[in-house]
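Got a predicted model here, sequence first, then my questions.
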Amino acid sequence: MIITDKLSISEHVRDVVLKCAQSLHVIEVLCQHGMNDQCLQVAYRSVSLDKLLYASSAWSGFTTADDRHHIEAVIHHGVRASLIQLMDQQQLNWSRTTTTLCSATL
């Protein structure tokens, strides 16, 4: 994790979002090759969502509005791809507390 001299975590967020986007692409390829929905959801949760949530309680306070927008974009991409079940969609909103975000994935 990288925190700049201005207490910004933006570089870390960009890195994590890029890795999640790459993982989402792989998951979409698996979908095109016929992997079932349940396996795709497990892959999304364990690869992309866990990358976003890992130690997020420690660094979320240093995020900017732009950082949170990028994080939410990755989450909503998973929602649009039906990788997050309907009940989780209401709980996965980065603007709410990190605790709610972490508990939504349990």
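Alright, I've got the coordinates. The model shown is predicted, which means the values in this text are computed figures rather than measured ones. Numbers count the residues shown, from 1 in each chain.

Mind giving me the packing neighbours of the helix or strand harbouring D50?
With elements delineated by DSSP states H and E, D50 resides in helix 50-53, which encompasses its position. Counting contacts by 3 or more CB pairs under 8 Å, 6 or more residues apart in numbering; DSSP states H and E, helix 50-53 packs against helix 10-32, helix 65-80. Bear in mind the C-beta positions are built from the backbone N, C-alpha and C, glycine included.

which one of those helices lies closest to Y54?
Closest approach to Y54 among these (CB to CB): helix 10-32, 8.3 Å.

contacts for that closest one?
Contacts to helix 10-32, defined as CB atoms under 8 Å, 6 or more residues apart in numbering, come from residues 1-4, 39-40, 43-44, 47-48, 51-52, 59, 63-64, 66-67, 70-71, 73-74, 77-78, 81, 83.

now that helix and helix 65-80, what's the angle there?
Angle of helix 10-32 versus helix 65-80, following axes from the mean of the first three to the mean of the last three CA atoms, to 10 degrees, is 10 degrees.

Quick one: mean pLDDT over the very next helix or strand once past helix 10-32.
Of the helices and strands lying after helix 10-32 in sequence (DSSP H and E), the nearest is helix 37-43. Per-residue pLDDT values across helix 37-43 average out to 86.

Helix 37-43: which residues count as buried?
Of the residues in helix 37-43, those scored as buried under the neighbour-count criterion (16 or more other CB atoms under 10 Å) are L40, Q41, A43.

could you say what helices and strands it packs with?
Using 3+ CB pairs under 8 Å, 6+ apart as the contact criterion, the elements in contact with helix 37-43 are helix 10-32.

List the buried residues in the helix it packs on.
For helix 10-32, a neighbour-count test (16+ other CB under 10 Å) marks S10, H12, V13, V16, V17, C20, S23, L24, I27, C31 as buried.
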